[in-house]
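Participant: Fold the following and give me the result.
(2 chains)
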Amino acid sequence: MKGETVREIKIPVTRVEGHGLITIHLDGGGKVREARFHVTEARGFERFCQGRTVWEMPGITARICGICPVSHLLASAKAGDAILAVRPPRPADKLRRLMNCGQYIQSHALSFFHLASPDLLLGWDAEPGKRNVFGLAAENPQLALDGIRLRAFGQEVIAALGDRRVHPAWAVPGGVRTPLSPEARDRLAAKLPEARRIAQDALHLYEKTVPAWAEEVETFGNFPSLFMSLVTPDGLWEHHDGRLRFVDSDRKIVADGLDPSRYDEYLGEAVEGWSYLKFPYWRPRGYPEGMYRVGPLARLNCCDRIGTPLADEALGRFRKSADGKAVTSSFHYHWARLIEIVAALERVGQYLEDPEVLSPRVRAEAGVNELVGVGVHEAPRGTLLHHYEVDETGVIVKANLIVSTGHNNLAMNRTVAQIAARYLNGKKKIPEGLLNRLEGGIRAYDPCLSCSVHAAGAMPLRVVLLGPGGEVLDEVVRAP
Amino acid sequence: MIQLRIDDTPVQAEPGETILEAARRAGIRIPTLCFLESLSPRGACRLCLVEIRNWNGRLVPSCATPAQEGLDVVAHSEKLAALRRTILELLFAERNHICAFCVSSGHCELQDLATELGMDHVTFPYRFPALPLDASHPKFGLDHNRCVLCGRCVRACAEVEGAFTWGFSGRGVETLVEPDLGGPWAQSPTCTGCGKCVQACPVGALFEKGKATSEQVKRPEILAEVTERRPRA
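Facilitator: Now for the predicted structure:
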């Protein structure tokens, strides 16, 4: 580390999935020298997958996370498809996509309504005791209720297929276990209009409210970077298959049609001693210049269009806000998330009208035909890769999981530094609004720290200012 | 007919019948794990322990103890329930029983017994042994992590299929069920691939390949059905 850190501020992060910590390093003049976002848990899923069969992997890896088990389930099943060397029957592909749409709806709704909207609607400087989902319920009960209903709809989509809302062991190598029943289809169809109404209302609310947060939009991770996501062969928004595309801040395509299974050729992973989370980067630009972002913001920046009318209309407004270039403020992850809810609901509508989702031909059975399999998938938080190597009998020899939050690691660090520089510089005490903005900056990415280091829990907020000799200069503690 | 009492109920038994068989015919449920109808009793798991009042309260496995005239059997008491829970705890602590992604979860006799007997936690330290998984057979897999050493596979293979593929190797806690006293299963010269061992296995230790979490449903009763249908000499 260059230079000298005179003070260090530590901030565990709340209202995200998992355990994290922010440290801010100040120089003698109180200027922010460096800020880091640390992921402080370690789990080791990759190690204990070894010795298990490829057929068990969806069930095992789904347990990485209680928020996005579906993403791991689907990425794992796809890696399994590759090892079986089969293409799942078409109905199975549609059903997997349908479940993933449910996953986007429930996960994005949780992120926006339960975790993020208290800041957006009650204000970044609102009293911490009220700036949560309960405060939101007191201030805007309709919105809080809408959030719960919308999330419940997403979960119902998942449960209709996988028999349960969390950890459905439904997708398997070669396809899925069961199709949708006509009863479940009708039940979901009946609830779809309300979900659509809620999503549109939330989108309009965001678009109406966001001018009030111009300063935050400017400072919450607003910098040029690459963006990576899957797109269809036609360049459309994609969430379950396709090829990887990289665009830059001008939305110029930097690389396209990349085979996700060869990720190793263009994605590097750097390790820093202060975080359990690795730092992936785009190899051609090196580390750390090869910083890229993934997730809703990246998917909307990468795709040519989404492919459904309401979502494309919203995408038009989103694009216009950046004059057709990439939207570079991570604050707008929230916006992108709402547009993706609209998109996912439109897709759900299409699948529910498709008789193929009721087909019983949903599973291709085969033995071990390839010894390496990579499954790529767009989780709500971004591109997720499961890479397995098996022996001749289908037992895992090596597993490598590259999760969405990992891809955003460099960008989250840059975001923290940007916010700290704007709100802390020169101040002797830690202002409450700064803590919340730092967390908010991280929260915009909706990181899943549990997933990122393949771990779970609630966190207290603690900030410590350390003097040159390590003495505590100031400390702020907030209960989880 | 032999007259005995089980849980203070008068019960009749045919000569040669065990206490367990007499109890079952009288509608008295005694939990079992290593016992499987049509296979010879082995008395390995001790879950079917009963207390004989007029044998100074001696504990005997009901699956392997012949019913005898005048026996006063206690099949259910707080003491027996505690003993059975302890046996289950020891089974769970001995190997790596992780229901969350097990092929047999939801259709597992060990899991069902834990529920039935109220074993809601394990008080012994888990051993977490590093045990291998043999997936070499084209149709079936063997996961030692989930094996409870009940020996139902060994008996099914020997007594019903007549192949004598399975046996125990090692001693005590290190014991493993292995094909021809050493795998891999695919290279077994005796295995006929009939799958009776898989159907007999009460847990997820033997499973059909390709099955994912909770998908392995077994039919241990087919062993009795097969035996029943055979022409007798």
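Participant: all contacts plus neighbour counts: C-alpha atoms, from now on.
Facilitator: Will do.
Participant: In chain B, which residue is most central in space?
Facilitator: Nearest to the geometric centre of chain B sits B:Cys34, at 2.0 Å (C-alpha atoms, centre = their mean).
Participant: if I read this right, it contacts B:Arg152, doesn't it?
Facilitator: Yes: counting by C-alpha atoms under 8 Å, B:Cys34 touches B:Arg152, with 6.2 Å between them.
Participant: does the closest residue to chain B within the stretch 301-450 of chain A belong to a helix or a strand, and which?
Facilitator: Scanning the stretch 301-450 of chain A for the residue nearest chain B gives A:Thr393, at 5.1 Å (criterion: C-alpha to the nearest C-alpha). Using DSSP states H and E, A:Thr393 sits within no helix or strand.
Participant: what about the residue nearest to the centre of chain B, distance to B:Gly16?
Facilitator: Using C-alpha to C-alpha, to the nearest Å, B:Cys34 is found at 20 Å from B:Gly16.
Participant: Kindly report the same for A:Ala314.
Facilitator: Relative to B:Gly16, and taking C-alpha to C-alpha, A:Ala314 is found at 80 Å.
Participant: Which positions in chain A make contact with chain B?
Facilitator: Proximity of chain A to chain B (C-alpha under 8 Å from any C-alpha of the partner chain) is limited to residues A:51-53, A:55-56, A:59-60, A:169, A:172, A:365-367, A:392-395.
Participant: List of residues touching the lengthiest helix in chain B?
Facilitator: Taking DSSP state H as the criterion, chain B has its longest helix at helix B:78-94. With contact meaning C-alpha atoms under 8 Å, 6 or more residues apart in numbering or on different chains, helix B:78-94 is reached by B:45-47, B:49-51, B:110, B:113-114, B:117-119, B:121-129, B:148, B:173.
Participant: for stretch B:15-33, same thing?
Facilitator: B:1-2, B:6, B:11-14, B:45-48, B:62-67, B:75, B:109-110, B:113, B:150, B:202.
Participant: go again using 6 Å as the cut-off
Facilitator: The contact list for stretch B:15-33 (C-alpha atoms under 6 Å, 6 or more residues apart in numbering or on different chains) reads B:Ala13, B:Leu47, B:Cys48, B:Ser62, B:Cys63, B:Thr65, B:Pro66, B:Ala67.
Participant: can you check stretch A:288-296 too?
Facilitator: By C-alpha under 6 Å, 6+ apart, stretch A:288-296 touches A:Ser225, A:Leu226, A:Phe227, A:Met228, A:Tyr281, A:Trp282, A:Ala336, A:Arg337, A:Arg381, A:Gly382, A:Asn408.
Participant: list the contacts for B:Ser62?
Facilitator: Contacts of B:Ser62 (C-alpha under 6 Å, 6+ apart): B:Ile19, B:Leu20, B:Cys48, B:Leu49.
Participant: any chance you could map the helices in chain B?
Facilitator: So, for chain B - with DSSP H - the helices run B:19-25, B:78-94, B:109-116, B:152-155, B:196-200, B:221-229.
Participant: looking at the ones you listed, which is buried most?
Facilitator: When those are scored by mean count of other C-alpha atoms under 10 Å in any protein chain shown, the highest mean neighbour count falls to helix B:152-155 (a mean of 26).
Participant: does A:Ala343 really touch A:Ala311, like I thought?
Facilitator: Yes: using C-alpha atoms under 6 Å, A:Ala343 is in contact with A:Ala311, at 5.0 Å.
Participant: Who has more neighbours out of these two?
Facilitator: Neighbours were counted for A:Ala343 and for A:Ala311 using other C-alpha atoms under 10 Å in any protein chain shown; A:Ala343 has more, 27 against 21.
Participant: Quickly find the element holding that one.
Facilitator: Residue-wise, A:Ala343 maps onto helix A:333-352 under DSSP H and E.
Participant: on contacts alone, who are the packing partners of the helix or strand that that helix is followed by?
Facilitator: Using DSSP H and E, the helix or strand that follows helix A:333-352 in sequence is strand A:372-379. Identification of packing neighbours for strand A:372-379 by 3 or more C-alpha pairs under 6 Å, 6 or more residues apart in numbering or on different chains; DSSP states H and E yields helix A:69-84, strand A:382-390.
Participant: how about the strands in the stretch 51-200 of chain A?
Facilitator: For the stretch 51-200 of chain A, the strands defined by DSSP state E, counting those that start in this stretch cover A:171-172, A:175-176.
Participant: Neighbouring strands - and their directions - for the first one?
Facilitator: Going back to what we said before, that points to strand A:171-172. strand A:175-176 (antiparallel) (DSSP bridges).
Participant: Can you give the distance from the strand it pairs with to the centre of its chain?
Facilitator: From the chain centre to the centre of strand A:175-176 is a distance of 24 Å (C-alpha atoms, centre = their mean, to the nearest Å).
Participant: And the residue of the stretch 101-250 of chain A that's closest to chain B?
Facilitator: Closest point on the stretch 101-250 of chain A to chain B, by C-alpha to the nearest C-alpha, is A:Ala169, at 6.1 Å.
Participant: Spatially nearest residue to that residue, not counting backbone neighbours?
Facilitator: A:Gly59 (5.5 Å; C-alpha to C-alpha, 6 or more residues apart in numbering or on different chains).
Participant: B:Ile52 now?
Facilitator: B:Val73 (4.7 Å).
Participant: bridging residues for that neighbour?
Facilitator: Residues in beta-bridge contact with B:Val73 (DSSP bridges): B:Ile6, B:Ile52.
Participant: got the contact list for it?
Facilitator: Contacts of B:Val73 by C-alpha under 6 Å, 6+ apart are B:Arg5, B:Ile6, B:Glu51, B:Ile52.
Participant: Would you format those as JSON lines with pLDDT, neighbour count and distance to B:Thr165 included?
Facilitator: Below are the contacts of B:Val73 laid out as JSON lines (pLDDT from 0 to 100; neighbours: other C-alpha atoms under 10 Å in any protein chain shown; distance: C-alpha to C-alpha, whole Å):
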{"residue": "B:Arg5", "pLDDT": "97", "neighbour count": "20", "distance to B:Thr165": "40"}
{"residue": "B:Ile6", "pLDDT": "97", "neighbour count": "23", "distance to B:Thr165": "38"}
{"residue": "B:Glu51", "pLDDT": "98", "neighbour count": "23", "distance to B:Thr165": "36"}
{"residue": "B:Ile52", "pLDDT": "98", "neighbour count": "18", "distance to B:Thr165": "37"}
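Participant: Alongside chain A, which residues does chain B contribute?
Facilitator: Contact residues, chain B versus chain A (C-alpha under 6 Å from any C-alpha of the partner chain): B:Phe101, B:Ala135, B:Ser136, B:Gly210, B:Ala212, B:Thr213.
Participant: Wait, the second one touches A:Thr393, no?
Facilitator: Yes: with the criterion set as C-alpha under 6 Å, B:Ala135 and A:Thr393 qualify as a contacting pair; they are 5.4 Å apart.
Participant: State the pLDDT value of the nearest residue to A:Ala137 once chain neighbours are set aside.
Facilitator: Among residues not flanking A:Ala137 along the chain, A:Ala144 sits closest, at 5.2 Å (C-alpha to C-alpha, 6+ apart). We have a pLDDT of 89 for A:Ala144.
Participant: same question, B:Pro10
Facilitator: B:Pro10 is given a pLDDT of 97.
Participant: Against B:Ser77, how distant is it?
Facilitator: 17 Å.
Participant: B:Pro61 too?
Facilitator: 15 Å.
Participant: between those two, who's got more neighbours?
Facilitator: Counting neighbours by other C-alpha under 10 Å for B:Pro61 and for B:Ser77 shows that B:Pro61 has the greater number, 22 against 12.
Participant: so what's the residue nearest to A:Ala169 up against?
Facilitator: A:Ala169, B:Phe101, B:Thr213 are the contacts of A:Gly59 under C-alpha under 6 Å, 6+ apart.
Participant: can you list the residues you listed in JSON lines and add distance to B:Ala93?
Facilitator: Formatted as JSON lines, these follow (distance: C-alpha to C-alpha, whole Å):
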{"residue": "A:Ala169", "distance to B:Ala93": "25"}
{"residue": "B:Phe101", "distance to B:Ala93": "17"}
{"residue": "B:Thr213", "distance to B:Ala93": "21"}
